[in-house]
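Participant: Fold the following for me, if possible:
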Amino acid sequence: MQSEVHALIARSNRLGADPTTTNYAGGNTSAKAEVTDPVTGGPVDLLWVKGSGGDLGTLTETGLAVLRLDRLRALVDVYPGDAGSGGPVDPAREDEMVSLLDYCLHGRGGAAPSIDTAMHGLVDAPHVDHLHPDAGIA
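Facilitator: Numbers count the residues shown, from 1 in each chain. I've put the predicted structure just below:
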């Protein structure tokens, strides 16, 4: 396992262990790194993100979704948005986009990507921590 993944799991477990930081299963953490593609032998940029429904405090490697960043970021051209109405986004369109995340997965196994996965892939930072503290929810 990559050192980035070890660091992501350790960081997630620390954040999830503190109930003042996040509630059970609340939020997502992620890391991005370049690895060697086992098929082409060339470089590929990946995103590891806590999967849907998992708990940060007990997260392990099997609780991560692993996605190719090029494919994930290509969804920007597919997303229908709110059709220019300026109104709220149609929840059905959000569900449609989440179902497309499966086509961005890299390798076998791992967790199902959560609805927050796209945000983690689009934020231009190697590490993203998105939490749900009870104080903020209240």
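Participant: Low-confidence bits of the protein, can you list those?
Facilitator: For the chain, applying pLDDT under 70 flags the ranges 1, 25, 80-90, 138.
Participant: Could you pull out the strands in it for me?
Facilitator: Shown for the chain, the strands assigned by DSSP state E span residues 28-36, 43-50, 64-68, 127-130.
Participant: Give me the nearest residue to Y24, chain neighbours excluded.
Facilitator: Once flanking residues are discounted, Y24 sits nearest to D55: 5.9 Å by CB to CB, 6 or more residues apart in numbering. Just so you know, the C-beta spots here come from the backbone N, C-alpha and C atoms, and that holds for glycine as well.
Participant: Now that neighbour. Its backbone dihedrals?
Facilitator: Backbone torsions for D55, taken as degrees, to the nearest 10, come to phi -110, psi 130.
Participant: number of nearby residues for it?
Facilitator: 16 (other CB atoms under 10 Å).
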